[in-house]
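**Q** Predicted structure and sequence below. I'll ask about it afterward.
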Amino acid sequence: ATDEGILLSMSAGGSENTQVYMLDRQRFITKQFTDGKSRNNLGAVHPNGSKMIIGSNMRNGRDTDLYIADCRMGGLQMLMEVEKEFWSAVDWSQDGKQLLLLKYVSANESYPALFDIETKERTDLPLPGKEKGAFGPMAFSADGKSVYLGCDTQGEFRQLGRLDLASGKYEWLAPDIEWDVTDIEVDPESGLVAFAVNADGASRVFTLRG
């Protein structure tokens with residue numbers, strides 16, 4: 001967005017009950033969007049800065065449902081109710097129609113999915129193979145036709161891959177980099193991809209053409 005507002009999450013006194021805020025840098029006002037009691041996670045933000053996804057257990061204190069909210073007015077509205085599962089929204093497509101979700105099971109097991117904002121329907125994405133694995137960062141390509149991701153199904157480390165959403169096929173883009181991919185960012189105009197790896201405790205950043 002153009003008003004330079006900053007979304008942030010913060011807990012008080014070392015508690016795990018993180019709250020979500022917006023810092024209005026023009027009026028120097030911080031607005032709290034969540035209830036101050038539940039545990040909340042700031043998720044994906046709409047490309048135009050208008051909407052955000054918040055994961056919150058405010059419904060029953062246990063399950064982390066996904067809510068959609070205005071980035072300046074708040075007003076959480078239920079988007080996806082869950083039962084004994086943990087889902088997070090990790091990216092929002094450039095056309096604003098889809099979310100990229102990740103279901104966390106354990107440090108060694110997670111599952112990606114697409115979520116249609118209008119229909120509220122979730123579609124599980126195919127896995128690279130029959131073996132379960134752990135997915136790390138994920139991001140839509142600039143054209144929304146594929147997903148860049150970090151996944152460890154090919155070996156010891158979370159390698160950088162690209163999943164074609166139409167065919168369901170995976171392509172591994174940097175197999176020679178034997179470190180976990182920790183972050184992925186895609187430029188929405190050029191399609192340039194920047195990704196970081198944990199190189200023996202230190203971050204290294206690489207770029208590739210989308």
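**A** Now that the structure is in, tell me what you want to look at.

**Q** Run through who's touching stretch 53-68.
**A** Defining contact as CB atoms under 8 Å, 6 or more residues apart in numbering, one finds that stretch 53-68 is touched by 20, 33-35, 37-45, 51-52, 69, 76-89, 92, 99, 101, 117. Yep, even glycine has a C-beta here, placed from its N, CA and C like the rest.

**Q** ok, now which ones touch the spatially most central residue of the chain?
**A** Nearest to the mean C-alpha position of the chain, by CA atoms, centre = their mean, lies V90 at 0.9 Å. Applying CB under 8 Å, 6+ apart, we find V90 in contact with 43-44, 100-102, 137-139.

**Q** where along this structure do the helices fall?
**A** Using DSSP state H, no helices are found in the chain.

**Q** Can you flag the residue of it lying furthest from its geometric centre?
**A** R27 (29.0 Å).

**Q** ok, so what distance separates it from G161?
**A** 43 Å (CB to CB, to the nearest Å).

**Q** quick one: low-confidence ranges for this structure?
**A** Applying pLDDT under 70 to the chain flags residues 210.

**Q** before we move on, back to that, so the residue nearest to the centre of the chain versus G136, what's the distance?
**A** On the measure of CB to CB, V90 and G136 end up 10 Å apart.

**Q** just V82 next, same as before
**A** 21 Å.

**Q** who has more neighbours, the two?
**A** G136 (20 against 16; other CB atoms under 10 Å).

**Q** Could you pull up the residues touching that one?
**A** So G136 contacts 149-152, 158, 180-182 (CB under 8 Å, 6+ apart).

**Q** Identify the residue spatially nearest to it, adjacent ones excluded.
**A** Excluding its sequence neighbours, the residue lying closest to G136 (CB to CB, 6 or more residues apart in numbering) is G150, at 3.5 Å.

**Q** Make JSON lines from the contacts of G136 and add distance to L127 and neighbour count to it.
**A** Shown next, in JSON lines, are the contacts of G136 (distance: CB to CB, whole Å; neighbours: other CB atoms under 10 Å):
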{"residue": "L149", "distance to L127": "11", "neighbour count": "25"}
{"residue": "G150", "distance to L127": "14", "neighbour count": "23"}
{"residue": "C151", "distance to L127": "9", "neighbour count": "24"}
{"residue": "D152", "distance to L127": "12", "neighbour count": "19"}
{"residue": "R158", "distance to L127": "14", "neighbour count": "23"}
{"residue": "D180", "distance to L127": "18", "neighbour count": "18"}
{"residue": "V181", "distance to L127": "17", "neighbour count": "25"}
{"residue": "T182", "distance to L127": "21", "neighbour count": "17"}
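
**Q** Show me the residues you listed that map onto strands.
**A** Using DSSP state E, the members of these that fall in strands are 149-151, 180-182.
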